[in-house]
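Q: Turn this into a structure:
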Amino acid sequence: MSSTIQNINQLSTETETRLPTWQDIEKLIIDILRAGFMAYYKNHLDELRKSEDQEQYIHQEILIGVIFRKLFGP
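A: This next block holds a predicted model:
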């Protein structure tokens, strides 16, 4: 019986809240970036499909990307 109580106590201390490790934080950041990129990509793909002149839309997006990189770095 005391063995069972010790196991329960050990289990309860293991499940207490712990601070996230740097690996947990890194994984969370990567997940957020992926989700944001996928939403961004889907939005622009939808806009491309709806545009009347798809080639002009692509050129505008390239120009915007170039300007953004010039202003905010690589």
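
Q: In space, not sequence, find me the middle residue of this structure.
A: Centroid-nearest residue in the chain, with CA atoms, centre = their mean: residue 32, separated by 1.9 Å.

Q: name the element that residue belongs to?
A: helix 22-50 (DSSP states H and E).

Q: What is the distance between that helix and the centre of its chain?
A: Put simply, helix 22-50 sits 5 Å off its chain's centre (CA atoms, centre = their mean, to the nearest Å).

Q: Helix or strand with the lowest mean pLDDT in this structure?
A: In the chain, no helix or strand scores lower on mean pLDDT, DSSP states H and E than helix 2-14, which sits at a mean of 56.

Q: Which strand or helix spans residue 18?
A: Going by DSSP H and E, residue 18 is not in any helix or strand.

Q: tell me what the helix holding residue 32 is packed against?
A: helix 54-72 (3 or more CB pairs under 8 Å, 6 or more residues apart in numbering; DSSP states H and E). All C-beta atoms are positioned from the backbone trio N, CA, C, and that covers glycine.

Q: and the helix it packs on, what other elements does it pack with?
A: helix 22-50.

Q: quick one, the helix it packs on and helix 54-72 angle?
A: 140 degrees (axes from the mean of the first three to the mean of the last three CA atoms, to 10 degrees).

Q: Now do helix 22-50, average pLDDT.
A: For helix 22-50, the mean per-residue pLDDT is 86.

Q: again, but for stretch 53-71
A: Stretch 53-71 comes out at a mean pLDDT of 82.

Q: who touches it?
A: Residues external to stretch 53-71 that are found in contact with it (CB atoms under 8 Å, 6 or more residues apart in numbering): 44, 47, 48, 51.

Q: swap in stretch 24-43?
A: Stretch 24-43 is contacted from outside by residue 20, using CB under 8 Å, 6+ apart.

Q: Quick one: neighbours of residue 51, just the number.
A: Residues near residue 51, counting by other CB atoms under 10 Å, number 13.

Q: next one: residue 20
A: Neighbours of residue 20 using other CB under 10 Å come to 11.

Q: Residue 19 and residue 25: what is the separation?
A: Residue 19 sits 10 Å away from residue 25, going by CB to CB, to the nearest Å.
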